[in-house]
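**Student:** got a predicted structure plus its sequence, pasted below:
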Amino acid sequence: MARPRGATAAYTWAQIKSVQSLIERCLNTYMTQAEIIATLQVQADVDPALTCLVWSKLEEQNPDFFLAYDVRLRLKDQIVAFNYLVEQQTRLLQKLTLSLPQDGGAMSTSMDGLGGFD
């Protein structure tokens, strides 16, 4: 769906509806606007200007949706970052566990020798 030759913005209604459908499918996978533009350009040969045009019209017609969508994207980013940090913590704890002496060393958990509880 490359830009028509010799035209500055002469897109057909079918092209616009097709791009709208593609954008909506991408929105279901929580892609950013930049990711959607790049994906449509590479995978469907959609002119980025057409994607931007359709995106802006969708935003105009559905401002509440796009506000909520932006919040969901930020939440998704936070979840990804949190999962990364949990993974790093797990790796560090595994390394720490492997480096500890197996017999407990000086940190015995035994209550023997504390006295006073006979």
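**Tutor:** Perfect, thanks for sending it. Numbering: from 1, shown residues only.

**Student:** any low-confidence regions in this structure?
**Tutor:** Applying pLDDT under 70 to the chain picks out residues 1-9, 103-118.

**Student:** remind me, longest helix of it?
**Tutor:** For the chain, the helix with the greatest residue count under DSSP state H is helix 63-99.

**Student:** next, the buried residues of it.
**Tutor:** 66, 69, 73 (16 or more other C-beta atoms under 10 Å). Glycine gets a C-beta too; all of them are placed from N, C-alpha and C.

**Student:** cool, and stretch 33-44?
**Tutor:** Residues 33, 36-37, 39-41 are the ones in stretch 33-44 that count as buried (16+ other C-beta under 10 Å).

**Student:** make a markdown table from the residues you listed and add distance to Lys95 and secondary structure to it.
**Tutor:** Formatted as a markdown table, these follow (distance: C-beta to C-beta, whole Å; DSSP: H, G, I helix; E, B strand; the rest coil):
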| residue | distance to Lys95 | secondary structure |
| --- | --- | --- |
| Gln33 | 40 | helix |
| Ile36 | 40 | helix |
| Ile37 | 41 | helix |
| Thr39 | 38 | helix |
| Leu40 | 43 | helix |
| Gln41 | 43 | helix |
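
**Student:** pretty sure Leu58 is touching Leu22, no?
**Tutor:** No - taking contacts as C-beta atoms under 8 Å, Leu58 lies outside contact range of Leu22: 11.6 Å.

**Student:** how near is Ala44 to Ala38?
**Tutor:** Noted for Ala44: a distance of 11 Å to Ala38, by C-beta to C-beta, to the nearest Å.

**Student:** typed the wrong thing, it's Phe65
**Tutor:** From Phe65 to Ala38 the distance is 22 Å (C-beta to C-beta).
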